[in-house]
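Peer 1: Here's a sequence, model it:
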Amino acid sequence: LDALGVALARVPLLAQVHIDVAGCQASDDHGLTVLSHSLRHLPHLTKLTLCLAGCGGTTDHGIVALVGALVELHLEELEVDLSGCLLLGTPGLVALGGLLRQQRSLVGLRVDCS
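Peer 2: Below you'll find the predicted structure:
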């Protein structure tokens with residue numbers, strides 16, 4: 001996710017981003033934080049699909065960083081798959097709930113935390 005985050009920052013006109021790193025054990029909070037920082041540099045982003053299913057290193061810290069970036073955007077559609085992220089707890093889920101209160105332009109949402 002680190003390298004992907006750096007690359008995304010170089011393409012500021014993207015309107016849709018789909019990232020699927022399901023099952024990648026190397027995906028962790030640091031990579032998610034770098035990616036989150038890069039998302040802030042995509043002012044035209046309206047649709048984000050992020051699949052982190054089964055990523056063993058994703059915790060509340062990474063999700064809180066992601067939400068911090070997403071509240072600055074004007075997303076219309078958001079899909080986040082966190083199924084199988086065993087280290088995700090209450091703080092991460094509360095942050096996702098807070099995102100819903102902030103995103104007034106959101107018309108499509110799917111969050112999977114099974």
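
Peer 1: Which residue ranges of this protein form helices?
Peer 2: Ranges of helices in the chain, per DSSP state H, are 2-8, 29-39, 60-70, 90-102.

Peer 1: Output these in CSV, with mean neighbour count and distance to Leu50 appended to each entry.
Peer 2: In short, each C-beta sits where N, CA and C put it, glycine included. Putting the helices of the chain into CSV (neighbours: other CB atoms under 10 Å; distance: least, CB to CB, whole Å) gives the following:
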stretch, mean neighbour count, distance to Leu50
helix 2-8, 15, 11
helix 29-39, 21, 8
helix 60-70, 21, 8
helix 90-102, 15, 12
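
Peer 1: Select from these the stretch with the lowest mean pLDDT.
Peer 2: Among the helices of the chain, helix 90-102 carries the lowest mean pLDDT, at a mean of 84.

Peer 1: Just send the helices of the chain back as CSV, with distance to His18 too.
Peer 2: Formatted as CSV, those follow (distance: least, CB to CB, whole Å):
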stretch, distance to His18
helix 2-8, 12
helix 29-39, 13
helix 60-70, 15
helix 90-102, 19
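
Peer 1: hmm, who's touching stretch 3-23?
Peer 2: 1, 27, 31, 34-39, 41-55, 81 (CB atoms under 8 Å, 6 or more residues apart in numbering).

Peer 1: 10 Å - rerun?
Peer 2: 1, 27, 30-56, 58, 76-77, 79, 81, 83-84 (CB atoms under 10 Å, 6 or more residues apart in numbering).

Peer 1: What is the distance between it and the centre of its chain?
Peer 2: 10 Å (CA atoms, centre = their mean, to the nearest Å).

Peer 1: In that stretch, which residues have enough neighbours to count as buried?
Peer 2: Buried positions in stretch 3-23, judged by neighbour count with 16 or more other CB atoms under 10 Å: 5, 8, 14, 17, 19, 21.
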